[in-house]
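In: just a sequence and a predicted model for now, questions to come.
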Amino acid sequence: MTTLLSENVRDTLVQKIIHGIFLEQIEKDRNEAVLPLSFHQSVREDGLGKIPSGLEDIKLDGFENLALDLESGNEMSSFEDIKYKEIITTVNGKAEQHEKVPRESFDFEPTAVEVEKQKESQDPDRATWGGKLDFLLSIIGFAVDLANVWRFPFYCYKNGGGAFLIPYFLMMIFGALPLFYMELVLGQFNREGPITVWKICPLFKGIGFSICLISYLVAFYYNVIIAWSFFYLFSSFTSTLPWTTCGNEWNTCMCWDGTKNETICNNITMTINPSTAISSAREFYQRRMLGIHESNGFDDVGQPMWHLTLCLLLVFVILFFVLWKGVKSSGKVVWVTATMPYVVLLVFLIRGCMLDGALKGVQYFITPDFSRLTDTQVWIDAAVQIFYSVGAGFGVHLAYSSYNKFHNNCYLDCLVTAAINSFTSIFAGIVIFIYLGYMSQKQNVPIDKVAEGGPGLVFEVYPEAIATLPGSTAWSILFFIMLLTLGFDSSMGGMESVLTGIKDNYREFFSRWKWSREILTCVIMAGAFLVGLVNITKGGYYVFEWFDAFAAGVSLLCMVFAEAVVVSWFYGLDQFCKDIESMLGFKPGIYWRVCWKFISPLFLGGIIVASIVESKPLPFPPYPNWANTLGWLMVATCISIVPIVAVIKLLTTEGTPRERLAILISPYFEHDAIKRTGTVKRFKLKHWLSIG
C-alpha cells in the first residue's frame with residue numbers, strides 16, 4: 001500500500017522518527033534529492049538540513065499506519081514496515097524521474113530487531129547456550145584457573161603483600177576489564193568465532209588465525225598439568241600417601257620425610273641435615289612422576305612415560321566427550337567444574353583456620369610493603385597476572401559469547417566475571433598461605449623457604465602440607481579434584497576457541513557433513529594429544545617450561561593489542577557503540593570509550609615493550625642456545641600471520657588499490673554502499689578522531 005505524506009507529516013518525521021529522516025542532494029546541478037533512512041533508538045535533533053525544493057510529497061510503501069499515527073501526534077519507534085524508498089529527480093521543481101530502491105540496498109543503519117534477524121539468518125542452525133547461567137559459568141570457569149591458585153598468591157607475597165593489590169586493581173580497571181568487555185561484545189553482536197568475526201575489518205583477519213594458533217599451542221602443554229593432577233589423584237587412593245615416605249625405588253639417600261633425621265641408604269644408616277636434604281614430596285614429584293633426573297636437558301627428552309601417557313589420554317577423551325556437541329554439552333559440565341573449586345576452597349579454609357601458624361601465613365600474605373611499589377617489576381607482574389587471569393586474547397570470550405542470544409546482557413556478565421575472578425584470587429591466596437604458615441611453623445623455617453610459585457606449589461608444597469593432616473587421604477583426593485575442575489574449565493575454553501574458529505571459517509565445508517562437529521573435535525583432540533606427548537617424556541618438563549615461556553607470551557599480548565587498535569580505530573568507536581546500543585539498549589560511558597581508544601592500547605603497548613626488554617633467555621644448561629632461538633621463532637610465526645594474511649587480502653581483492661584498501665578496512669555491511677557510491681567513512685578524518 002502506498003500513502004501520500006503531506007509536508008507537515010514529513011516535517012514530523014524529520015523531528016520525531018528514530019534518528020530522523022535526513023535529506024541530501026546528490027547532484028546539485030540537477031537538484032536530485034535522495035531520501036535515505038536511518039534507524040536508531042535515539043532522537044537526533046540537529047544536522048538534518050532543509051528539504052530541497054521540488055519534493056512536495058514523498059511516497060513510502062507500507063507506511064499508512066505510521067502516517068496516521070504521526071498525524072494524530074503519536075511518536076513511532078520503528079521503520080520495520082518500509083519496503084522501499086523512492087528517489088525523485090526534479091528539474092525546475094517538476095518531477096522528471098521516479099526510481100524505487102529496494103530496502104536491501106538502503107544505505108542505512110538497521111534497527112536492533114533487524115540486526116538480530118540478520119545474524120540469525122546467517123547461521124540459523126548455530127547453537128545457543130541452554131541457559132543464561134551456562135554462559136556465565138563458562139566464562140567464569142575459564143577466567144578462574146590454576147593461575148589463581150599458584151601464581152597470584154606467590155606474586156602477591158613476593159611484591160609487597162597487600163600493596164600489590166593497588167597495581168593489580170589499577171591494571172584490571174584500565175587494561176584487562178575494557179578488553180574483556182570488548183571481546184564479549186564482538187562475539188555476541190557478530191555471532192562469529194575468533195576468525196570470522198574480523199569481517200568487521202577484513203584486512204586484519206590474520207588476528208583470528210593467530211589467536212586460534214596460540215590457543216592450540218597452549219593446549220599442547222596446559223593439558224599436561226591436568227594429567228599430572230590425575231596421576232596425583234590416583235596415587236592418593238592409598239592408606240599412606242606415597243610422597244610422605246622415603247625408601248621407595250625413586251628416592252635418593254638425601255630424601256627426608258620430615259619426621260626422622262636418619263635414613264638408611266645402601267644398608268648404611270646416615271644422618272640427614274634437614275636444611276640440605278630433599279623432601280620426600282619433591283622427590284615424588286620430580287623423580288617418580290616427572291622422571292626428570294633421567295634427562296640431561298631440553299635436547300634429551302627420551303620416550304613418553306606410560307603412566308602419564310594414560311593420564312593425558314584420559315584428559316583428551318574427557319575433553320572430546322564434553323566438547324563434541326558444542327556448548328549444549330559443555331554448558332552443563334561447567335555447573336560442576338566452575339562451582340566445585342569454591343566448595344573445596346571453603347572446606348580447606350575452615351580446616352586451615354584450626355591449624356597452628358595459620359594467622360602467621362595470612363599476615364605474610366596481606367601485610368603491605370608500599371616501598372615495593374617503586375619497583376617497575378611489581379607493576380609488570382600485576383599487569384601480567386590480571387591480563388592472563390581474565391583471559392582476553394585467547395579467542396575464548398569471542399567463541400563463547402557468539403553463542404549468546406542477541407540481547408544478552410554481556411555488560412553485566414563482564415562485571416560479574418571480573419569481580420568473581422579477583423575475589424577468587426584473593427580468597428585462594430588466603431587459603432594457600434594459611435597452609436604455608438602452618439608448614440613454616442611445623443618445620444620451624446621462615447615462610448619464604450616454603451613459599452614458591454608455579455607447579456611446585458600445588459605438586460610439592462601443598463601435598464606435603466596435606467599429608468600432615470588427620471585423614472590426609474581424603475584431603476588429598478579433595479584437593480586434586482579441585483585442581484582437575486580448575487584445569488578442565490580453562491582447557492575447555494581454549495579448545496572451544498579453536499573449534500569454533502575453524503568451524504565458522506569453513507562453515508560451507510562443514511555444513512555438508514552430518515557429524516562434522518564430532519569429526520573436527522576428534523581431529524583437534526588427537527593432534528593436541530600427539531604433540532603433548534613430548535611433555536610427558538623423561539625430559540618433558542623442560543619442554544613444558546619452554547612452551548610456557550614462549551607459546552602465549554609476547555605473541556598473545558601483540559594479538560590483544562591488535563584487537564584493541566582494530567576495533568577502536570579502524571572499525572571505529574561510533575559503530576562499536578551503536579552495536580552495543582542495539583544489543584543492550586544503551587551506549588557505553590566515557591570511561592569505556594577512552595579506555596578502548598587510548599588507555600588500553602597504551603597499557604598493552606607498555607606491557608609488550610617491558611616484556612621484551614625484561615625477557616631473559618632460558619638458562620644453559622638445561623636449555624641449549626638454539627632452544628631460545630626456536631622459541632622466538634614460534635613467537636614470530638604467530639605474529640607474522642597478521643601481516644601475511646593482510647598482504648594476501650590486498651593482492652586477491654578486486655579493484656584499484658584505493659578500492660581494495662577501502663573494502664578491506666571497512667566492515668562487511670558497508671561494502672555494497674562503498675562500491676555503489678564510492679564514499680568511504682574511514683577515509684575521513686572525523687572517523688579517526690571520534691570517541692563514540
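Out: Received the coordinates, thanks.
In: nearest spatial neighbour of residue 224, skipping sequence neighbours?
Out: Closest residue to residue 224 apart from its sequence neighbours, by C-beta to C-beta, 6 or more residues apart in numbering: residue 535 at 4.4 Å. To be clear about C-beta, it is placed using only N, CA and C from the backbone, and glycine gets the same treatment.
In: which residues of the stretch 501-650 of the chain fall in helices?
Out: Ranges of helices within the stretch 501-650 of the chain are 507-510, 516-532, 540-550, 554-565, 573-584, 590-594, 600-614, 625-652, based on DSSP state H, counting those that start in this stretch.
In: for the stretch 101-250 of the chain, that is, sorry about that
Out: 112-122, 132-143, 146-150, 152-158, 165-171, 177-190, 206-235.
In: so which of the ones you listed is the most packed in?
Out: Highest mean neighbour count of the helices of the stretch 101-250 of the chain: helix 177-190, a mean of 26 (counted as mean count of other C-beta atoms under 10 Å).
In: using PDB, write down the CA coordinates of that one.
Out: What follows is helix 177-190, C-alpha atoms only, in PDB (Å, rounded to 0.1, in the frame of the first residue of the first chain):
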ATOM      1  CA  LEU A 177      38.400  -5.200  32.000                       C
ATOM      2  CA  PRO A 178      37.800  -3.000  28.900                       C
ATOM      3  CA  LEU A 179      39.400  -5.600  26.700                       C
ATOM      4  CA  PHE A 180      37.300  -8.300  28.200                       C
ATOM      5  CA  TYR A 181      34.100  -6.400  27.600                       C
ATOM      6  CA  MET A 182      35.200  -5.600  24.000                       C
ATOM      7  CA  GLU A 183      35.600  -9.300  23.200                       C
ATOM      8  CA  LEU A 184      32.200 -10.200  24.700                       C
ATOM      9  CA  VAL A 185      30.600  -7.500  22.600                       C
ATOM     10  CA  LEU A 186      32.400  -8.500  19.400                       C
ATOM     11  CA  GLY A 187      31.400 -12.200  19.700                       C
ATOM     12  CA  GLN A 188      27.800 -11.600  20.700                       C
ATOM     13  CA  PHE A 189      27.000  -8.900  18.200                       C
ATOM     14  CA  ASN A 190      28.500 -10.700  15.200                       C
END
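In: between it and helix 600-614, how big is the angle?
Out: 120 degrees (axes from the mean of the first three to the mean of the last three C-alpha atoms, to 10 degrees).
In: helices or strands up against helix 177-190?
Out: helix 112-122, helix 376-390, helix 396-401, helix 410-443, helix 554-565, helix 573-584, helix 600-614 (3 or more C-beta pairs under 8 Å, 6 or more residues apart in numbering; DSSP states H and E).
In: leaving out chain neighbours, which residue sits closest to residue 642?
Out: residue 206 (3.8 Å).
In: same question for residue 278.
Out: Using C-beta to C-beta, 6+ apart, the closest residue to residue 278 is residue 254 (4.8 Å).
In: what does residue 502 give?
Out: In this structure, residue 502 finds its nearest non-sequential neighbour in residue 520, 6.5 Å apart by C-beta to C-beta, 6+ apart.
In: is it true that the one you found touches residue 509?
Out: No. Judged on C-beta atoms under 8 Å, residue 520 makes no contact with residue 509 at a distance of 10.2 Å.
In: more neighbours, these two?
Out: Taking other C-beta atoms under 10 Å, residue 520 and residue 509 do not tie; residue 520 has more neighbours (19 against 11).
In: still on that earlier bit, adding mean pLDDT and distance to residue 669, write the helices and strands packed on helix 177-190 out as CSV.
Out: Output for the helices and strands packed on helix 177-190, formatted as CSV (pLDDT from 0 to 100; distance: least, C-beta to C-beta, whole Å):
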stretch, mean pLDDT, distance to residue 669
helix 112-122, 53, 9
helix 376-390, 84, 30
helix 396-401, 96, 19
helix 410-443, 91, 21
helix 554-565, 94, 20
helix 573-584, 94, 9
helix 600-614, 90, 25
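In: winner for burial among those helices?
Out: helix 396-401 (a mean of 30).
In: what's that helix packed up against?
Out: Based on contacts counted as 3+ C-beta pairs under 8 Å, 6+ apart, the elements that helix 396-401 packs against are helix 132-143, helix 177-190, helix 472-505.
In: centre of the chain to that helix, how far?
Out: 7 Å (C-alpha atoms, centre = their mean, to the nearest Å).
In: same deal with stretch 126-141?
Out: Counting by C-alpha atoms, centre = their mean, stretch 126-141 comes out at 14 Å from the chain centroid.
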